[in-house]
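Trainee: Sequence first, then the predicted structure, then my questions.
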Amino acid sequence: MEVGAAVTNRPDCRWSVLSSEILCDSPWLKVEREVVATPTRPGGVEWLTAWRPLATVVAPRLPDGRYLLIRQERISVRREMWEFPAGQVDAGEDEAAIDAAARRELGEEAGMFAPEPLVPLGILFSSCGFTNECGHLFLARDVEFREGLIARDEKEAIHDVRMFSPEDLRKAIAEELICDANTLAVFARLEAKGIL
């Protein structure tokens, strides 16, 4: 079978919500208990879903070919993680504003500006077993540092910004220094598209 021949990234119209109850609601996360009819279970199945806003992940590449990563605290896993800059699309922004959100995160988290158009690398569902979170992946080419761009959220704790050559990235992934889904997905897309 041809790769992707039987796979689609579009939702199937045979899905419908039979009942739902909101268990948690915040600006960043809504948790809902649902009974959902599926293509193979038309009577429904109970499921908990964490609804999240759209997100962006940006691989900033400098003119010399190195990539910029940030190291920040991730409370849920009790670790500091090396990651490409990422963040949510603000409430009220729609898919047309994803590029702007990606540029904003690049500036706020790393102080970098992308003079070239961002290169879309596709989407990622970060953990589709429990959340609808969809990340839009980008390459930012020839990024440059700009004074005054950094404006980190009060909940963020970014400890370091460092440049990685493609070889450094491969080594850091092999040694599990880089292990978050967003960064791994962007790396895989860059490799698969022959960009890295």
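Mentor: That came through, no problem. Keep in mind that what you see is a predicted model, and the values were worked out from it rather than measured.
Trainee: Might you report the residue contacts of the residue of the chain most remote from its centre?
Mentor: Going by C-alpha atoms, centre = their mean, the residue of the chain most distant from its centre is residue 43, 33.3 Å out. Contacts for residue 43 (C-beta atoms under 8 Å, 6 or more residues apart in numbering) come out as residue 37. Using the backbone N, CA and C atoms, a C-beta is placed for each residue, glycine as well.
Trainee: who's the residue nearest the centre of the chain bridged to?
Mentor: The centre of the chain sits closest to residue 135, judged by C-alpha atoms, centre = their mean, with a distance of 3.8 Å. Note on residue 135: beta-bridge partners by DSSP bridges are residue 55, residue 124.
Trainee: still on that earlier bit, from residue 99, how far off is the residue farthest from the centre of the chain?
Mentor: Separation of residue 43 from residue 99 (C-beta to C-beta, to the nearest Å): 42 Å.
Trainee: Then residue 81?
Mentor: 25 Å.
Trainee: Kindly report the same for residue 51.
Mentor: Counting by C-beta to C-beta, the gap from residue 51 to residue 99 is 23 Å.
Trainee: same check, this time on residue 61
Mentor: 16 Å.
Trainee: Give me the more crowded residue out of these two.
Mentor: residue 61 (23 against 16; other C-beta atoms under 10 Å).
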